[in-house]
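Novice: sequence-free structure coming up:
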């Protein structure tokens with residue numbers, strides 16, 4: 001059989017066996033056909049229909065006994081056939097709507113490698129350059145660029161899920177570059193201090209030319225804040241005690257509320273009635289004036305907390321952090337976990353309240369290592385406000401992007417609110433189950449494929465992407481700040 005048909009299409013296989021309307025099997029004619037490839041088949045009633053190779057396997061007549069004969073040097077005739085299971089995606093009807101064929105394909109119909117334009121038409125892939133974030137190209141299809149609609153991402157939230165080392169922070173950097181180019185106001189919770197590298201251009205490679213991007217930095221559009229400005233070379237991030245309750249303060253110090261809540265509350269109430277601004281040192285002085293030895297552990301913990309410098313008489317103004325069209329990074333590297341939770345809680349609450357009153361521009365809040373700030377099990381101070389943003393933020397133009405290496409450990413209420421989902425390689429069974437439960441139209445073959453994805457390839461679904469697509473993520477324009485540290489040089 002010739003490799004190509006008269007219409008120039010490249011042959012991939014021939015339909016055989018039992019044929020359904022949503023899937024069928026074909027014998028493979030072309031050894032280059034692989035799992036994940038798109039194919040097209042001519043239906044006698046509905047015209048060309050698009051499908052995707054969901055599984056591919058080799059079937060042989062080699063038994064165990066004959067295999068032993070082969071091992072002993074005997075001549076053994078082996079018959080084998082390569083088979084592919086094709087999942088039907090559908091076709092566009094005269095109204096432009098995606099439809100499934102309502103009758104099966106004819107047995108013996110030729111299966112072809114799908115043309116790029118046909119894939120784009122059926123799936124509905126558009127190059128939305130004005131409002132889109134260019135993230136890469138359809139896997140194995142260099143001419144099909146993939147854009148995510150930024151308005152949809154902000155309005156309906158985003159999740160980026162992957163195991164460690166699969167490229168989630170690299171991908172997040174790509175999205176942040178696109179938000180910067182479109183002047184989208186963004187705040188990033190950065191627990192590892194890896195996103196400040198967005199200031200600096202990447203080293204140019206051949207892949208930049210392949211993807212049609214050029215190295216550049218965004219220094220003028222980035223501000224960095226940190227509770228420890230000396231360690232992280234950033235502007236200081238400070239909070240006032242005016243809105244912090246005594247119980248919250250005790251939680252940060254891990255002290256018994258039954259013993260210390262009343263004296264701490266009395267000290268704070270006294271200061272609130274006598275002055276507009278006060279800090280931890282003021283509380284310490286009031287407690288020391290009590291001359292009560294039993295308060296020594298409380299005073300010692302307050303001294304330790306005061307040394308961190310997170311609380312001050314005058315806090316950092318939110319409108320200093322949030323600037324129209326700029327990216328603000330909250331660098332939490334080296335900060336204790338309970339302080340990190342408090343920072344995320346206070347900042348997220350302020351953003352939500354001010355956005356409701358239209359005091360700050362619409363923005364995207366990006367939370368790296370989201371399972372630490374909104375865990376499915378256990379308690380974090382920041383969980384409640386992140387849940388509120390996930391469920392109500394879209395009404396007020398406050399988008400949420402959560403990034404995590406442990407999908408199963410993220411609060412399910414938050415994860416379920418993320419309409420756009422980007423999934424890189426994941427292997428943990430619990431995480432795979434969480435993904436399978438949250439992603440619509442994900443086939444068994446695609447879920448298994450997630451475990452074997454090469455670095456830099458992601459499953460993208462939701463938003464303006466009508467069905468799960470495997471996408472090769474483009475090269476970053478900026479320097480990647482999330483590389484692993486080498487212990488031994490080769």
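Specialist: That came in fine, so what should we check first? For clarity, every value in this text was computed on a predicted model and none was experimentally measured.
Novice: do a quick rundown of the strands in the stretch 1-150 of the chain.
Specialist: 11-16, 23-28, 38-43, 47-60, 80-92, 98-99, 110-113, 132-138, 145-149 (DSSP state E, counting those that start in this stretch).
Novice: quick check: buried residues in stretch 107-120?
Specialist: 109, 110, 111, 112, 113, 114, 115, 118, 119, 120 (16 or more other CB atoms under 10 Å). In this view, the C-beta of every residue, glycine as well, is placed from N, C-alpha and C.
Novice: domain map for this protein?
Specialist: 11-123, 132-229+320-473, 246-308 (automatic domain parsing).
Novice: sorry, back to before: is it possible to export the strands of the stretch 1-150 of the chain to TSV including distance to residue 401 and mean pLDDT?
Specialist: Listed next are these as TSV, based on distance: least, CB to CB, whole Å; pLDDT from 0 to 100:
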stretch	distance to residue 401	mean pLDDT
strand 11-16	38	96
strand 23-28	34	95
strand 38-43	29	96
strand 47-60	28	93
strand 80-92	28	94
strand 98-99	28	94
strand 110-113	35	96
strand 132-138	11	96
strand 145-149	11	96
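Novice: mind putting those in a markdown table, distance to residue 307 included?
Specialist: Listed next are the strands of the stretch 1-150 of the chain as a markdown table, based on distance: least, CB to CB, whole Å:
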| stretch | distance to residue 307 |
| --- | --- |
| strand 11-16 | 67 |
| strand 23-28 | 64 |
| strand 38-43 | 60 |
| strand 47-60 | 58 |
| strand 80-92 | 59 |
| strand 98-99 | 61 |
| strand 110-113 | 65 |
| strand 132-138 | 42 |
| strand 145-149 | 44 |
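Novice: residue 336: which of those is closest?
Specialist: Between residue 336 and the strands of the stretch 1-150 of the chain, the shortest gap by CB to CB is with strand 132-138, which sits at 34.2 Å.
Novice: what's that closest one in contact with?
Specialist: With contacts defined as CB atoms under 8 Å, 6 or more residues apart in numbering, strand 132-138 is touched by 119, 125, 143-150, 153, 171, 174-175, 178-179, 182, 211, 213, 422, 458, 460, 464, 469-474.
Novice: helix or strand right after the top helix by length along the chain?
Specialist: Longest helix of the chain, by residue count under DSSP state H: helix 337-356. Next helix or strand after helix 337-356 toward the C-terminus (DSSP states H and E): strand 363-367.
Novice: tell me the mean pLDDT for that next one?
Specialist: The predicted model assigns strand 363-367 a mean pLDDT of 98.
Novice: quick one: strands adjacent to it?
Specialist: strand 185-190 (parallel), strand 398-404 (parallel) (DSSP bridges).
Novice: okay, those strands in TSV with distance to residue 343 and mean pLDDT next?
Specialist: Output for the strands paired with strand 363-367, formatted as TSV (distance: least, CB to CB, whole Å; pLDDT from 0 to 100):
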stretch	distance to residue 343	mean pLDDT
strand 185-190	8	98
strand 398-404	16	96
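Novice: for residue 299, find the nearest of those.
Specialist: Here strand 185-190 is closest among the strands paired with strand 363-367 (CB to CB), at 31.4 Å.
Novice: how far off centre is the lowest-mean-pLDDT helix or strand in the chain?
Specialist: Lowest on mean pLDDT, DSSP states H and E among the helices and strands of the chain sits helix 64-71, with a mean of 77. Centre-to-centre, helix 64-71 and its host chain are 49 Å apart (CA atoms, centre = their mean, to the nearest Å).
Novice: and that helix with strand 47-60, angle?
Specialist: For helix 64-71 against strand 47-60, the angle between stretch directions is 70 degrees (axes from the mean of the first three to the mean of the last three CA atoms, to 10 degrees).
Novice: for the strands paired with strand 363-367, which one sits closest to residue 307?
Specialist: The nearest among the strands paired with strand 363-367, by CB to CB, is strand 185-190 at 22.7 Å.
Novice: what residues does the closest one touch?
Specialist: By CB under 8 Å, 6+ apart, strand 185-190 touches 176, 179-180, 195-196, 321-333, 344, 347, 351, 360-368, 373.
Novice: could I get the domains of the chain in JSON lines, plus columns for distance to residue 238?
Specialist: Below are these laid out as JSON lines (distance: least, CB to CB, whole Å):
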{"stretch": "domain 11-123", "distance to residue 238": "49"}
{"stretch": "domain 132-229+320-473", "distance to residue 238": "8"}
{"stretch": "domain 246-308", "distance to residue 238": "9"}
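Novice: are any of the contacts of strand 185-190 buried, and if so which?
Specialist: 176, 179-180, 195-196, 321-322, 326-333, 344, 347, 351, 360-368, 373.
Novice: check contacts around residue 117.
Specialist: No residues are in contact with residue 117 under the rule CB under 8 Å, 6+ apart.
Novice: show me where the stretch 201-350 of the chain has helices.
Specialist: Ranges of helices in the stretch 201-350 of the chain, per DSSP state H, counting those that start in this stretch, are 206-211, 229-232, 246-253, 257-274, 280-288, 296-308, 318-321, 337-356.
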